[in-house]
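**Q** take a look and give me a structure for this.
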Amino acid sequence: MIKNYKNLTVKYLKSNKKRSILTIVGIVLSVALISTIGFFIVGIQNAEIESIKNDYGSWHVMYQAPDDDLIAKVNSNPKVSRSGIFEMDKQVKVDKNISISPIKATGKALELLHYQIESGRFPENNNEAAIEDWVLRYMAKGTKLGNKIIIKGRQYKLVGILRNTVSSQTEKSGIFLSKVNNIDKSNAVLIAEISPKTNLRKAVSELNALPKSKNVKINGKYTASVVNNSPLIDMEGGGDGNSGLSQIYGSIAVIIGIVVIATIAVIYNSFQISVVERIKQFGLLQAIGMTPSQIKKMVFREASILSIIGIPLGVILGIIAIYIIQIVFKAIGGDSVMHIKLAISPKVMIISAAVALVSIYLSAFLPALFAGRISPLVAINGRTSITKEKIKRRKNTIVKKLFGFEGDLAYKNIKRNRKRYRITVFSIVISVVLFITFKSFMDMTLNVSDNLNESKNIHFSVVMDSNVSSKNSTINPGIINDISKLNTVQKVYKVYDNYKFNEFIDPQSGISKIRDLGSIYKDVSLNGYNKILMTGGLDVYDNNSLKSARKYIKSGSIDIGKLNNENGIILIEKNRIVNEKTDKQRYGKIADIKVGDKIELQFNKQTDLKVNNSKINKVTVMAILKDDPFDFWGVQNGLKIITTENVAKKLMSNSNLNVNSLNIVLKNINDENRAKEQIQNITKSIPSITVIDQLDQNRNTKSSVLIVKILIYGFVVIVSIIGSINIINTLTTNIILRKREFAALKSIGLTQRGLKKMITLEGLLYAVVGIIYGSIISCGLSYMIYSGISGIRESTWPVPWSGMIIATAAAVIIGYISTLSPLSRINRENIIDTIRQDY
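**A** Have a look, this model is predicted:
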């Protein structure tokens, strides 16, 4: 017995479990998407912040040569959470060719610098020290954590081993950290970290104003008295609003706006379909005395009940999605990356729930208004949204010829019920827009971020000192052979010097936007022909490097024999150049070169755009690579060229090419210490050679890039799933709620096969219309996102063709699959019983 009209809501939800479940699924997925976006943004931000701290340190503001008054003001400032002073001392020799760079610090300075503890801890008093791992082998034999070491006649207890840095190994000067009580302020630096509880932008402005003057004199030279850790401040949201990061946030705001609109649309579809199909029930309720206001309250009460169920489940699903991504990250990265923990932010959960709740009530508003306003007689009659067509003999002749009678009927059906047509098309449009926009965002974001190439897989480097004489500036082939034979080594890549060349290309190969930059192209005449002159770099690759480069091929092929026989070269398609007019980096093609094109090269030791007297050689482009296989350290303002050792010798008329370093990849990363010892034993007799441990730095870099990629790809996967379920939800509900109509058609002679064809064609027609509208809208939104991202790096707006093609195929396939289950269900039901059903 129903004592209150409000109980009808619960009774309706229970009696229509499948429809209620579909609506809850829509809410859950929408909330999951919003919360996952929040978790993604927080996760990416945390990963970038961690990367910046590893590179620059955790401090926000730095003061050069601070006086006692400034130190007291900073230390007593409630907005400063940690601070300390450090001083770089004179280098100390620990071996014939190796020195250490002592850093003395007070307070929390050591924790705020970018040096990281590998094992142990930071020094806590003036009798303790920490040192880089690679320096230990140059100290007393067997030196390890907990031992006593003597530096400059003073004894320290070694309490910390620092993670190796490539720069210190290259410079042969290890980092040595110690704690002191007093420091000479005239050569010291004060660093401060701002509390996360305060307004970062205001705190930075306040701390920047503390010094008495903008410049300070150090060692006879004036330098800025205050330096900000701008990358960290920007990433934590304390920038001035003019940085490229703010434009990225603008792009993210567009993404979030799309998601919120999509959320409202998905939930609105569920409520609208539910209300439209219950119009007769609402008419009957009004006929027995229920007011329009009470009907509206019923719809809103339904929204409240579904919110209570759907929102918590959606947030939980978002958390589960984040943990799945974290598991994938560990599985893909393995031991080669740092383990990054993704944050589950309570703030994100609260905002997600609030946005979802507002979206649900906004979604229910129009259906509730519609349900309350409808006339009882019209509602009971059940013809509130049917459009009666005028008879036209020649109407839909093309559709009828292509798809027969069923196609003609499907075409008429999709517009018979205007509201159902708009809801279904709108649902597909939203799904298409979601996928294409996020796919476009993913492509543009990955284009802006650095790629993981083969250089990030290097474990050790053997580097020749650049200060040695030219006769001894190449690594001995015997050493290369001995290292290659080690049982711990998988590959050895020889690294040659980078050589500069004048590059002559045909005028039609130039790109107008590159010409507009002014500093890249120079028009010249060569042997009576007009040419464009650029100055670029040439990298020489050994056989192992060329084999690894094959996975980066965009067009052509890498055949070492053909390269040698045909004077062949390989081009790297993308360059990073700076637009001097906008001071922004541009990433993309510098010339329109194709496989088979001929290019003239002239060896040039200078970087200016001038033709010299060296021999000009014609070369053939054998392959084009989509990205750098290894980090390219040569000139970026010209074509980036790769070739073999034999071809390079011909181009420079030089029989000797210097191998300045070796890049080494291990068979097993767990053999790091054994491999290092083996390599050092081979090279220890040559003081001009340094073994550099790349593991830690590359592990950090790979972690930062990989986490961003996994988050973005995971985001697109989730969006794709939600878009697919949205289409399935709408089309399935659409078919199930028209069972009486289909039963009536079957009763007058339409076969099950004909019904299946008609409904399938309806789904395809809906998909086609949705794709057309969705693609147009997506292109506009994609361009808006591009406008924001171009603030970081200039590039050409890529029309999202791949996204549109995938969305088209997916919408058609999903539209077809959506019809199979309800059709099977309809086929099993009795026609007479179905016609007798009353809604």
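**Q** pretty sure Leu526 sits against Phe504.
**A** Yes - Leu526 lies in contact with Phe504 (Cβ atoms under 8 Å); the separation is 5.4 Å. Every residue, glycine included, has its C-beta placed from N, CA and C.
**Q** and for these two, which residues touch both?
**A** Shared contacts of Leu526 and Phe504, defined by Cβ atoms under 8 Å, 6 or more residues apart in numbering, comprise Glu600, Ile616.
**Q** who has more neighbours out of these two?
**A** Phe504 (21 against 15; other Cβ atoms under 10 Å).
**Q** are we agreed that that one is in a helix?
**A** No - going by DSSP: H, G, I helix; E, B strand; the rest coil, the assignment for Phe504 is strand, not a helix.
**Q** could you pull out the strands for the stretch 201-350 of the chain?
**A** Under the criterion DSSP state E, counting those that start in this stretch, the stretch 201-350 of the chain carries strands at the ranges 215-218, 221-224, 226-228.
**Q** pick the most buried one from these.
**A** Per-stretch averages of neighbours, counted by mean count of other Cβ atoms under 10 Å, single out strand 226-228 among the strands of the stretch 201-350 of the chain, with a mean of 18.
**Q** and that strand, what does it pack against?
**A** For strand 226-228, the contact count by 3 or more Cβ pairs under 8 Å, 6 or more residues apart in numbering; DSSP states H and E identifies strand 61-64, helix 200-208 as packing neighbours.
**Q** what does the next helix or strand after the first one contact?
**A** Helices and strands here follow DSSP states H and E; after strand 61-64, the next one along the chain is helix 68-76. With contacts defined as Cβ under 8 Å, 6+ apart, helix 68-76 is touched by 63, 66, 80, 83, 85, 107, 185, 190, 192, 207, 210-212.
**Q** quick one: the residue lying farthest from the centre of the chain from Asp627, how far?
**A** Centroid-distance maximum for the chain: Ile288 at 58.7 Å, with Cα atoms, centre = their mean. Counting by Cβ to Cβ, to the nearest Å, the gap from Ile288 to Asp627 is 71 Å.
**Q** give me the pLDDT for the residue farthest from the centre of the chain.
**A** On the pLDDT scale, Ile288 is placed at 80.
**Q** and it, what are its phi and psi?
**A** phi -100, psi 10 (degrees, to the nearest 10).
**Q** repeat for Lys79
**A** Lys79 adopts backbone torsions of phi -80, psi -10, taken as degrees, to the nearest 10.
**Q** about what we covered before: compare the helices and strands packed on strand 226-228 and give me the one nearest Val489.
**A** Evaluated with Cβ to Cβ, the helices and strands packed on strand 226-228 place strand 61-64 nearest to Val489, the distance being 42.0 Å.
**Q** tell me which strands that closest one pairs with, and in which orientation.
**A** strand 189-194 (antiparallel), strand 226-228 (antiparallel) (DSSP bridges).
**Q** least reliable of these going by mean pLDDT?
**A** Lowest mean pLDDT within the strands paired with strand 61-64: strand 226-228, at a mean of 88.
**Q** distance check, Ser545 against Asn228.
**A** Distance of Ser545 to Asn228, given as Cβ to Cβ: 40 Å.
**Q** ranges for the strands of the stretch 1-150 of the chain?
**A** Assigned by DSSP E, counting those that start in this stretch, the stretch 1-150 of the chain shows strands spanning 61-64, 80-88, 92-93, 99-105, 117-120, 128-132, 148-151.
**Q** ok, residues contacting the last one?
**A** In this case it means strand 148-151. Identification of contacts with strand 148-151 by Cβ under 8 Å, 6+ apart yields 92, 94, 100, 102, 129, 131, 139-140, 143, 155-158, 176.
**Q** same check on the fifth one?
**A** Judged by Cβ under 8 Å, 6+ apart, the contacts made with strand 117-120 from elsewhere in the structure are Ala130, Asp133, Leu145, Leu158, Val159, Gly160, Ile161, Leu162, Arg163, Asn164, Asp696.
**Q** what's near enough to touch the last one?
**A** Going back to what we said before, that points to Asp696. Asp696 makes contact with Glu118, Arg163, Asn164, Thr165, according to Cβ under 8 Å, 6+ apart.
**Q** so the last one touches Ile175, yeah?
**A** Yes - in this structure, Thr165 sits in contact with Ile175. The criterion is Cβ under 8 Å, and the distance is 7.1 Å.
**Q** overlap in contacts of these two?
**A** With contacts taken as Cβ under 8 Å, 6+ apart, Thr165 and Ile175 have Tyr115, Glu132 as neighbours in common.
**Q** now the contacts of helix 68-76 in JSON lines, with neighbour count and distance to Ile322?
**A** Shown next, in JSON lines, are these (neighbours: other Cβ atoms under 10 Å; distance: Cβ to Cβ, whole Å):
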{"residue": "Tyr63", "neighbour count": "25", "distance to Ile322": "39"}
{"residue": "Pro66", "neighbour count": "24", "distance to Ile322": "43"}
{"residue": "Val80", "neighbour count": "19", "distance to Ile322": "33"}
{"residue": "Ser83", "neighbour count": "23", "distance to Ile322": "34"}
{"residue": "Ile85", "neighbour count": "24", "distance to Ile322": "40"}
{"residue": "Gly107", "neighbour count": "18", "distance to Ile322": "36"}
{"residue": "Lys185", "neighbour count": "16", "distance to Ile322": "47"}
{"residue": "Leu190", "neighbour count": "26", "distance to Ile322": "39"}
{"residue": "Ala192", "neighbour count": "26", "distance to Ile322": "33"}
{"residue": "Leu207", "neighbour count": "21", "distance to Ile322": "35"}
{"residue": "Leu210", "neighbour count": "17", "distance to Ile322": "41"}
{"residue": "Pro211", "neighbour count": "20", "distance to Ile322": "43"}
{"residue": "Lys212", "neighbour count": "9", "distance to Ile322": "48"}
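**Q** contacting residues for Lys562?
**A** Gly568, Met622.
**Q** any idea which element it lies in?
**A** Assigned by DSSP H and E, Lys562 falls within helix 560-565.
**Q** also Ile814?
**A** Assigned by DSSP H and E, Ile814 belongs to helix 801-828.
**Q** next one: that helix to chain centre, how far?
**A** The chain centroid and the centroid of helix 801-828 are separated by 30 Å under Cα atoms, centre = their mean, to the nearest Å.
**Q** report all helices and strands that it contacts.
**A** Applying 3+ Cβ pairs under 8 Å, 6+ apart, we find helix 801-828 packed against helix 418-448, helix 695-736, helix 739-747, helix 752-789.
**Q** re earlier: helices - which of the contacts of strand 117-120 land there?
**A** Counting by DSSP state H, the part of the contacts of strand 117-120 found in helices is Asp696.
**Q** for PyMOL, write the selection for the buried entries among the contacts of strand 117-120.
**A** Buried subset of those, written as a PyMOL selection, criterion 16 or more other Cβ atoms under 10 Å:
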select buried, resi 130+133+158+159+160+161+162+163+164+696
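**Q** adding distance to Val708, write the contacts of strand 117-120 out as TSV.
**A** Listed next are the contacts of strand 117-120 as TSV, based on distance: Cβ to Cβ, whole Å:
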residue	distance to Val708
Ala130	31
Asp133	28
Leu145	34
Leu158	36
Val159	35
Gly160	30
Ile161	29
Leu162	26
Arg163	22
Asn164	24
Asp696	20
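**Q** now, which of the contacts of strand 117-120 sits nearest Ser15?
**A** Ranked by distance to Ser15 (Cβ to Cβ), the contacts of strand 117-120 are led by Asp696 at 62.9 Å.
**Q** and that closest one, how far is that from Ile707?
**A** For Asp696 relative to Ile707 (Cβ to Cβ), the value is 17 Å.
**Q** one more: Asn660?
**A** 33 Å.
**Q** comparing the two, which shows the higher neighbour count?
**A** Higher neighbour count among Asn660 and Ile707: Ile707, with 25 against 18, using other Cβ under 10 Å.
**Q** how about that one, nearest residue that isn't a chain neighbour?
**A** Ala47 (4.6 Å; Cβ to Cβ, 6 or more residues apart in numbering).
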